[in-house]
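Undergrad: Quick one: sequence and predicted model below, then my questions.
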2 protein chains.
Amino acid sequence: MSIIANTPKPPYYAVIFTSTRTQGDFGYDQVANRMVELAEGQPGFLGIESARDDGAQGLGISVSYWSDLDAVKQWKANVEHIQAQRMGRETWYQSFKVRISKVEREYGA
Amino acid sequence: MSIIANTPKPPYYAVIFTSTRTQGDFGYDQVANRMVELAEGQPGFLGIESARDDGAQGLGISVSYWSDLDAVKQWKANVEHIQAQRMGRETWYQSFKVRISKVEREYGA
């Protein structure tokens, strides 16, 4: 199974989450894994791709894919996810950016 | 300077490039750096973010940001970039996916 998400024909939505971490784990790894599990159970979830550069201040990029904007909003409003978002702002992330985008074209090999 | 791209107020375009590498460098690192340099000189370029997981088959994600769809098309059609795309298909990437998306909302901290 590929780790590149097997998304359907566009249009669909991509949430591009870019971040730099603070030092130390503080429960991050466990919650990050839980968030993937939780996202997979949400309505309209299409897939997720994640990568993080090595080293202090390594950039991390996670892109989650959703059927429509309503699915994106429901995910953002998930109660357990809201708690994780708060931990992210307060503890785990030195900086982050969330971009909500509509995928219009897709190709690959 | 942050490694998270300092993009303007949406709307703008994001090209999400996800890949897994083959074994060996084959000039990849040098050309990858050159492509960033080249992209930065293209009309409508707004920024780029890249991350790659460690290890064999580590997933890589690069997101480049562009003012509009025309800028995306010009970048795809850049002659030196076309040569790199061919090398990517034939040599560097085991698999890849390109998604062209329109960023509608952005927030962060």
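TA: Right, received. Where do you want to start? Only a predicted model underlies this, so the values are computations on that prediction, with no experimental measurement involved.

Undergrad: Doesn't A:Thr7 lie inside a strand?
TA: No. Read with DSSP: H, G, I helix; E, B strand; the rest coil, A:Thr7 is coil and lies in no strand.

Undergrad: What distance do you get for it to A:Val63?
TA: Distance, A:Thr7 to A:Val63, by CB to CB, to the nearest Å: 10 Å. Using the backbone N, CA and C atoms, a C-beta is placed for each residue, glycine as well.

Undergrad: Of those two, which one has the most company?
TA: A direct count of neighbours by other CB atoms under 10 Å in any protein chain shown for A:Thr7 and A:Val63 places A:Val63 higher, at 25 against 18.

Undergrad: Does the more buried one touch B:Ile16 like I think?
TA: Yes. Using CB atoms under 8 Å, A:Val63 is in contact with B:Ile16, at 5.8 Å.

Undergrad: what residues do the two have in common as contacts?
TA: By CB atoms under 8 Å, 6 or more residues apart in numbering or on different chains, A:Val63 and B:Ile16 have these common neighbours: A:14, A:16, B:61, B:63.

Undergrad: I'd like to know how far the last one sits from chain A.
TA: Going back to what we said before, that points to B:Val63. Distance, B:Val63 to chain A, by CB to the nearest CB, to the nearest Å: 6 Å.

Undergrad: Not counting sequence-adjacent ones, nearest residue to A:Gly44?
TA: A:Ala71 (2.6 Å; CB to CB, 6 or more residues apart in numbering or on different chains).

Undergrad: For the one you found, which three-state class applies?
TA: Quick answer, by three-state DSSP: A:Ala71 is helix.

Undergrad: so A:Leu46 touches A:Thr7, yeah?
TA: Yes. The pair A:Leu46 / A:Thr7 is scored as a contact, 5.2 Å apart, by CB under 8 Å.
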